[in-house]
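Peer 1: Just to be clear, the model below is a prediction. Sequence and coordinates:
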Amino acid sequence: MALTPRVRAFGEAALLVELGDVFDESLAGWARALADVWRLGAAVPAYASVMVSFDPELIEPEVAEGRMRDLLARGTFSMVRGEGPPVSDGSLKIRVVEIPTRYDGADLADVAQRSGMSVDELIAVHSGREYSAIFLGFLPGFAYCGRLDPRIVAPRLERPRERVPAGAVAVADGQTGVYPFASPGGWRLIGSTDAVMFDAREAEPSRIRAGDLVRFVPR
Amino acid sequence: MIRIEVPGFASTVQDRGRVQHVRAGVPVSGPADPFAFRAAQALVGNDAAAAAIEVVGLPFSFRCESSRIFAVTGRDITLAARDRMPAWTSVFVRAGDLVTVTGTERSRYTYVAVSGGITSEVILGSRSVYPRAGLGRVVRAGDALPLGTPRRTAEDAGHRVSFEYEGEIAAVPGPHLERFDDETMARFFATAFVASAQSDRQGARLEGVEVAPREGEILSCGVVAGAVQVPRGGQPIVLLADHQTTGGYPIIATVVGADLGLVAQRAPGEALRFYRVDRERALMRGRDRVALLASA
């Protein structure tokens, strides 16, 4: 895999660092690792990029950019680039988050049919693997989890629903996730959970954090 | 304490924003018009971390239990206690006086800062309210908000910051330059857009010429306030304070921080036009704005 990151100006107070053009779990892991070590401001990793911000009244953009290039040049990310095991010691232990799930979503039968499976098979396939929480976005506590078994066929809805209820377990385009809040949404609904996905009173408010492994447990 | 008498319809306490939890998908929030917010805070002598009230939906009125220095900033606003008082100016308000802020249809975001700051509850590292995720709630009539120790006294009244909301909006091209051909980019910077009625703290929607990207969506990436996203239809959306932390639409340009308020404060139907700056000129624009605060 060719890794030639691009560092681009994102206005005068942020950089967009593109690690690649396609989603790849190792690039996502690299993006998270870069976000972990960015100290000059906010950092938001995604599929294959990380957006980092800084305060241009305190730090020249060129200095921030140089700092990012240094981080990119460091060898310390070889681990998350897939050249070693993802877990090296206790301090880097990956958490497993279980989501108790009732497979009762409005689109459950439709997704099963599109995928050429019975509903029971779909439930077994969806709950039968651990997903990586690639990054969070869209809503507070919404984790993009992947990847789905490729047999699950679930393109985004042509017309998004105006209201998806909180706790809806959904799938779309090879990914799965849980809506933490009621919201408009275009993913297909296959189940629901009572788990609180985001709690502002907790120091770590999101039940799922980027990098976690997520398992859906049928109820 | 400051007691809210007439609350507007979506007024909230805001500080400079909540950056600590963007990785959990929590919007930064903070003021939709950062310069007006900062000017109000400077006029009352507050530090950069202090909180103020962002008023949406005038009129807004309040009383203060103790005499304090206040400043009200925003677009097309007037305020009065016993007498009319100037906006964008530090004013001394006596204990118990009713202060009323009124505006026009062009007044979208108004900042009421009080010396000592609003010391409401800090949630996840910030006082910025984001009701959608249970991070505080909008201000209601009868609310009494706690205040910090005043930084300025009656003698500090009369300081003024001058600011106009007219003029073009500076934007740095990109980051998704390869998604927009030269003609589209030129059209974006050459044509006036019109602010849509469907704008809020999440984003300002614009109508006008199409500036559609090549291909459709991008692989979602982290985004910033000021990012001008272009969905497939070609009608841009400028992200504002409560924007989602990630986005999947190509970004044609990024409005400089100093000009975010010029976008946020455009009323539905008003025209707005962008001009191209590089990063160096964007920084100069920011420094020019900060220099306006010297008189505060």
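Peer 2: Structure's in. What do you need? Numbering: from 1, shown residues only, chains lettered A, B, ... in the order given.

Peer 1: Any regions of chain A where pLDDT drops low?
Peer 2: Across chain A, residues meeting the criterion (pLDDT under 70) sit at A:1-3, A:75-92.

Peer 1: now do 50
Peer 2: A:1, A:76, A:78-90 (pLDDT under 50).

Peer 1: Okay, helices next: where are they in it?
Peer 2: A:25-37, A:61-73, A:108-114, A:119-126 (DSSP state H).

Peer 1: cool, and the stretch 151-296 of chain B?
Peer 2: For the stretch 151-296 of chain B, the helices defined by DSSP state H, counting those that start in this stretch cover B:182-190, B:260-264, B:279-292.

Peer 1: got the CA positions of the second one in PDB?
Peer 2: Meaning helix B:260-264. The C-alpha coordinates for helix B:260-264 follow below in PDB (Å, rounded to 0.1, in the frame of the first residue of the first chain):
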ATOM      1  CA  LEU B 260     -17.800  33.800  10.200                       C
ATOM      2  CA  GLY B 261     -20.100  36.400  11.700                       C
ATOM      3  CA  LEU B 262     -20.700  38.000   8.300                       C
ATOM      4  CA  VAL B 263     -22.100  34.700   7.100                       C
ATOM      5  CA  ALA B 264     -24.000  33.800  10.300                       C
END
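
Peer 1: Is it in proximity to chain A?
Peer 2: No. Judged by C-beta under 8 Å from any C-beta of the partner chain, helix B:260-264 stays clear of chain A, getting no closer than 9.9 Å. Using the backbone N, CA and C atoms, a C-beta is placed for each residue, glycine as well.

Peer 1: Grab the nearest non-local neighbour of residue 12.
Peer 2: Because you didn't say which chain, this covers chain A. Nearest residue to residue A:12 in three dimensions, chain neighbours excluded: residue B:282, at 3.8 Å (C-beta to C-beta, 6 or more residues apart in numbering or on different chains).

Peer 1: that's the other chain; I wanted chain B
Peer 2: residue B:129 (3.9 Å).

Peer 1: and the one you found, what are its phi and psi?
Peer 2: For residue B:129, the backbone dihedrals (degrees, to the nearest 10) come out as phi -90, psi 130.

Peer 1: before we move on, what SS does residue B:5 have?
Peer 2: strand (DSSP: H, G, I helix; E, B strand; the rest coil).

Peer 1: In chain B, where is pLDDT below threshold?
Peer 2: Chain B contains no residues with pLDDT under 50.

Peer 1: interface residues of it facing chain A?
Peer 2: Proximity of chain B to chain A, by C-beta under 8 Å from any C-beta, involves residues B:19, B:21-28, B:123-124, B:132-135, B:172, B:174-175, B:177, B:219-224, B:226-227, B:244-246, B:251, B:254-257, B:279, B:282-283, B:286, B:290.

Peer 1: Filter those residues down to the buried ones, ChimeraX style.
Peer 2: Per 16 or more other C-beta atoms under 10 Å in any protein chain shown, the buried members of those correspond to this ChimeraX selection:
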select /B:19,21,22,23,24,25,26,27,28,123,124,133,135,172,174,175,177,220,221,222,223,224,226,227,244,245,246,251,254,255,256,257,279,282,283,286
